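Any chance you could fold what I've pasted below:
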Amino acid sequence: MDVDETLSRFSDLTFGTALTVYVLAMIMFLMSLATKSKTVEKSGQLVAAGGAPVAGADDVRTPGKVQTAEKAPLGDRLAKMAYGVVILATTLHITSIVLRGFATGRAPWGNMYEFVSIACAAGMVAALVVLRKREYRPLLGFVLLPIVILLFIAGTYLYTNAAPVVPALKSYWLAIHVSIVALGSGVFLVSGVASILYLLKLKFPEPGDRFWGRILQRVPPAQTLDRIAYTTVVFAFPLFGLGVICGAIWAESAWGRFWGWDPKETVSFIAWVIYAAYLHARATAGWRNTAAAWINIAGFTAMLFNLFIINIVVSGLHSYAGL
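Sure, this is the predicted structure:
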């Protein structure tokens with residue numbers, strides 16, 4: 001099937017626009033955290049019950065009404081605006097993926113550029129759901145940091161022109177296996193960020209009044225971050241496991257065996273085992289705090305290693321990144 005160059009160009013344009021808007025949202029979220037909360041000042045004039053001002057009533061407590069003009073703190077207003085901006089960026093991002101699919105006439109995750117893009121989109125959707133509460137929303141700034149970095153790498157070093165996939169990937173399993181793994185990977189990203197912040201909160205309970213100190217000070221409590229990390233892993237773990245199983249079924253169909261300890265298969269299995277260890281540690285006394293968080297971060301590191309080092313450096317049956 002021929003590639004629709006017009007749709008391909010629109011896909012690239014919306015991808016670049018989404019990345020730019022993501023950067024803007026990230027800056028706004030981080031600034032909202034760095035801005036000190038100020039007590040709301042009340043201004044007005046003490047008035048009598050009938051509405052007439054009471055003369056000389058500034059320092060006298062007398063019955064009546066106080067007319068106030070309250071203004072939300074700058075940090076809260078920035079966070080509210082940034083939340084709308086990140087929803088716009090996520091919409092543009094998903095649009096770029098859909099356009100890429102229509103342009104190529106296939107599932108739009110056949111190379112590393114496309115895989116990173118859909119994994120980051122899944123991570124953003126998961127973050128928007130998990131952090132939808134007003135007090136959690138500024139955490140989106142920390143989730144956006146790795147997403148912006150990953151999308152920048154994808155759009156520059158990993159970018160591949162829209163084209164049909166290699167013959168080895170011309171299977172309906174591409175749409176099933178890769179999409180499930182990408183969704184699980186995106187949700188794991190949210191969990192990894194939550195565990196990193198959890199450890200930082202424990203290490204710096206009094207972070208000081210500098211820029212990053214103020215940001216860390218306004219992050220939710222450590223236990224809240226730990227709960228967010230655990231909840232997201234509970235969701236992503238079976239999803240990722242299902243993706244590995246689907247990959248094994250596809251391998252039997254394509255290569256005549258379910259498992260061959262290919263580098264990609266091996267590291268995927270290691271990552272799955274690490275996350276299983278995290279869930280076990282989280283339920284074990286003496287391991288459920290700092291130790292479990294470090295195991296979760298190790299799992300996220302294994303996912304990144306599997307994505308970049310295995311696909312780019314190590315040669316194997318999964319070396320189809322189009323680089």
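
what are the ranges of the helices in this structure?
Under the criterion DSSP state H, helices of the chain are mapped to 5-34, 74-104, 112-130, 140-156, 172-173, 179-203, 211-217, 222-255, 263-282, 290-305.

what's the closest of those to residue 312?
helix 112-130 (7.7 Å; Cβ to Cβ). C-betas here are computed from N, CA, C, even on glycine.

Put the alpha carbons of the closest one into PDB.
Extracted in PDB, the C-alpha atoms of helix 112-130 (Å, rounded to 0.1, in the frame of the first residue of the first chain):
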ATOM      1  CA  MET A 112      11.000   2.800  17.400                       C
ATOM      2  CA  TYR A 113       9.800   6.300  16.600                       C
ATOM      3  CA  GLU A 114       6.200   5.100  16.500                       C
ATOM      4  CA  PHE A 115       6.600   2.900  19.600                       C
ATOM      5  CA  VAL A 116       8.000   5.600  21.800                       C
ATOM      6  CA  SER A 117       5.300   8.000  20.600                       C
ATOM      7  CA  ILE A 118       2.400   5.600  21.500                       C
ATOM      8  CA  ALA A 119       4.100   4.600  24.800                       C
ATOM      9  CA  CYS A 120       4.400   8.300  25.800                       C
ATOM     10  CA  ALA A 121       0.800   9.000  24.800                       C
ATOM     11  CA  ALA A 122      -0.300   6.000  26.900                       C
ATOM     12  CA  GLY A 123       1.700   7.400  29.800                       C
ATOM     13  CA  MET A 124       0.100  10.800  29.500                       C
ATOM     14  CA  VAL A 125      -3.400   9.400  29.400                       C
ATOM     15  CA  ALA A 126      -2.600   7.300  32.500                       C
ATOM     16  CA  ALA A 127      -1.200  10.400  34.200                       C
ATOM     17  CA  LEU A 128      -4.200  12.500  33.400                       C
ATOM     18  CA  VAL A 129      -6.500   9.800  34.900                       C
ATOM     19  CA  VAL A 130      -4.400   9.000  38.000                       C
END
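
The helices of the chain: which one's closest to residue 164?
Nearest to residue 164, of the helices of the chain and by Cβ to Cβ, is helix 74-104 at 6.6 Å.

Mind giving me the packing neighbours of that closest one?
helix 5-34, helix 112-130, helix 140-156 (3 or more Cβ pairs under 8 Å, 6 or more residues apart in numbering; DSSP states H and E).
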